[in-house]
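> here is a sequence with its predicted model. Questions after.
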Amino acid sequence: MIELTQIERGALQTQPYGWAAIDKLFSPPNAAALADTFPLYHFKTVASYGGEKDYKYEARSLIAMGADTVSHPEELSEIWLAQARDLLSPAYRQAMSSLTKCDLTSAPMEVNVFHYGPGACLGPHPDLEDKIVTHVMYFNHSWNREDGGCLTVLRSANSADVAAEMAEAKLDWVASANPLENFPELNLTPEQRALMDRYKDPTMRELVKDTCLPRQFRHDVFVRGARRMRNDERDAALTRLTVAPVVTAGELQTKIRVPAGMAEVGDPLKNMMAAAMRGPTTIGDLLALEQGRSNPAELVSMLVGTSQCQITMRPGGVQPESANRLNRVLGARVSTIAQPKATGGLASGRLGTGLSTPPLVQFIANRLLRGEREDNADAWIDALSADVVPEKHDTVRSVVHAAIEQRVPILRQLQIVPD
């Protein structure tokens, strides 16, 4: 259950005292099961105020002091029983001894399970003098750092005198996965932006968006152990990104419908977007065309957020044969243009992900990967029209030729199909 090798390989810090942060102590399935079946019963509230430290929380015994049995095992899931057995094992003591350089072979042990609900607290404090080692494990699925509860290593009784914070133990909200949603001026009215500007907390600002926008789902990105970048560091990283067009120059849209209305980009940004349509290029190269007229975050968000470009993870990469095999399988499943118009995808080694495409483009990609050329279009049209009424055949012909003209150049640029 417990990945004891993670403990044994841990690095013990020495300042301001001995401590270590151990990650990946459980496999992902076991970690999820422990969180899902966290104990619910036999807790009691423990509280005290005005002494050496203030504290209030709920606790229940898992293993009583010096005991070799589990407390209230009938109320525990199988995975929590396995966890308790691991804690009682000689191997666990050996791993902890190896990390701490303390002989824990015969030291009495006590294990408690804690729940910190709303209003709970635990003030700055040193451990009891008779404690040799304290091992704290967290079982949260996610963790909003603004809610508190983060284990903090302090140099003194002053809670601001922080030596280290266990940021890796929690998830921080970063941004919306939809780039355009990160620009309030595109989504909110002036009055709504004024309301949002009352708050600095990012999660409260998102709550204002939830209230003001007619969106049923949020597309949030959370990061474990987020380390905030300075603006210049962020801009430097963004300028190194390579983007590739996924629409043709003739399809480029510079008027964007957003919740706040119709947004038309200015001429400098329009020129950079048009240049991006000529092929894979870096954000830095595009910005150099109109120096000082935009910024990396705005340009990336406009190109990617409008689904007219995608970030290219491997600009000089070669399409692997495994991707070709997958794309042939996906395309071979398309037998008629009359199939439901669900969007599918094609694997791209250069993008490092999939390219969103309709079934017709999957069909064309499969034919090109099989060695056929665009001059076989009449045969493709016949195959796709097999169950289409005759009076619609001209429409099929028009749609297929439009797909060849508009989508095949994109597929070739990304090496999804051969030249």
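Right, received. Where do you want to start?
> what comes into contact with the helix or strand harbouring Ile410?
Secondary structure assignment for Ile410, by DSSP states H and E: helix 393-413. Contacts to helix 393-413, defined as CB atoms under 8 Å, 6 or more residues apart in numbering, come from residues 244-248, 250-251, 279-280, 337, 346, 355, 357, 360-361, 364-365, 368, 374, 377, 380-381, 384-385, 388, 417-419. For glycine as for every other residue, the C-beta is placed from the backbone atoms N, C-alpha and C.
> now, which of those lie within strands?
Ala244, Pro245, Leu346, Leu355, Thr357 (DSSP state E).
> count of neighbours near the first one?
So that's Ala244. The local packing of Ala244 (other CB atoms under 10 Å) involves 22 other residues.
> repeat that for the second one.
Around Pro245 sit 23 other residues, with neighbours defined as other CB under 10 Å.
> which ones are touching it?
If a contact means CB under 8 Å, 6+ apart, then Pro245 has Ala276, Met277, Arg278, Gly279, Gln308, Cys309, Ile410, Gln413 as its contacts.
> same thing but at 10 Å, please
Contacts for Pro245 (CB atoms under 10 Å, 6 or more residues apart in numbering) come out as 251-252, 273, 276-281, 303, 308-310, 409-410, 413-414.
> likewise for the last one?
Thr357 makes contact with 246, 327, 330-331, 343-346, 363-365, 403, 407, 410-411, 416 under the criterion CB under 10 Å, 6+ apart.
> next one: the fourth one
Residues touching Leu355, when contacts are defined by CB under 10 Å, 6+ apart, comprise 244, 246, 310, 327, 344-348, 361, 365, 407, 410-411, 414, 416.
> one step back: mind checking which of the contacts of helix 393-413 are buried?
244-247, 280, 337, 346, 355, 357, 360-361, 364-365, 368, 377, 380-381, 384-385, 417 (16 or more other CB atoms under 10 Å).
> in helices, which of the residues you listed fall?
In this view, the buried ones among the contacts of helix 393-413 that belong to helices under DSSP state H are Leu360, Val361, Ile364, Ala365, Leu368, Ala377, Trp380, Ile381, Leu384.
> any idea how far the second one lies from Gly250?
For Val361, the distance to Gly250 under the criterion CB to CB, to the nearest Å works out to 17 Å.
> quick one: buried residues of the helix holding Ile410?
Val396, Arg397, Val399, Val400, Ala403, Ile404, Arg407, Val408, Ile410, Leu411, Gln413.
> ok, those vs Asp285, which is closest?
Proximity of these to Asp285 (CB to CB) peaks at Gln413, which lies at 16.4 Å.
> tell me the confidence at Ala35?
Note on Ala35: pLDDT of 89.
> burial of it, as a residue count?
14.
> what do you get for Ser97?
17.
> so what's Ala67 up against?
The contact partners of Ala67, taken as CB under 10 Å, 6+ apart, are Ser61, Leu88, Pro108, Met109, Glu110, Val111.
> got the residues you listed as a markdown table, with neighbour count columns?
Converted to a markdown table, those look like this (neighbours: other CB atoms under 10 Å):
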| residue | neighbour count |
| --- | --- |
| Ser61 | 17 |
| Leu88 | 17 |
| Pro108 | 10 |
| Met109 | 20 |
| Glu110 | 12 |
| Val111 | 18 |
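> could I get those as JSON lines with secondary structure, pLDDT and distance to Asp36?
As requested, the contacts of Ala67 are exported to JSON lines (DSSP: H, G, I helix; E, B strand; the rest coil; pLDDT from 0 to 100; distance: CB to CB, whole Å):
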{"residue": "Ser61", "secondary structure": "strand", "pLDDT": "95", "distance to Asp36": "21"}
{"residue": "Leu88", "secondary structure": "helix", "pLDDT": "95", "distance to Asp36": "23"}
{"residue": "Pro108", "secondary structure": "coil", "pLDDT": "94", "distance to Asp36": "31"}
{"residue": "Met109", "secondary structure": "coil", "pLDDT": "95", "distance to Asp36": "26"}
{"residue": "Glu110", "secondary structure": "coil", "pLDDT": "95", "distance to Asp36": "25"}
{"residue": "Val111", "secondary structure": "strand", "pLDDT": "96", "distance to Asp36": "20"}
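> which of those sits closest to Glu75?
Once CB to CB is applied, the member of those that ends up nearest Glu75 is Ser61, at 11.4 Å.
> give me the low-pLDDT residue ranges for the stretch 201-350 of the chain?
Low-confidence segments of the stretch 201-350 of the chain (pLDDT under 70): 216, 224-228, 339-342.
> helices of that one, residue ranges please.
Counting by DSSP state H, counting those that start in this stretch, the stretch 201-350 of the chain has helices at residues 202-212, 231-239, 267-276, 283-289, 296-305, 321-332.
> among these, show me which one is buried the most.
helix 296-305 (a mean of 21; mean count of other CB atoms under 10 Å).
> can you tell me which two in the contacts of Leu355 are farthest apart?
The most widely separated members of the contacts of Leu355, counting by CB to CB, are Ala244 and Gly344 (19.1 Å).
> closest one of the buried residues of helix 393-413 to Val46?
For the buried residues of helix 393-413, the minimum distance to Val46 (CB to CB) is 62.7 Å, reached by Ile410.
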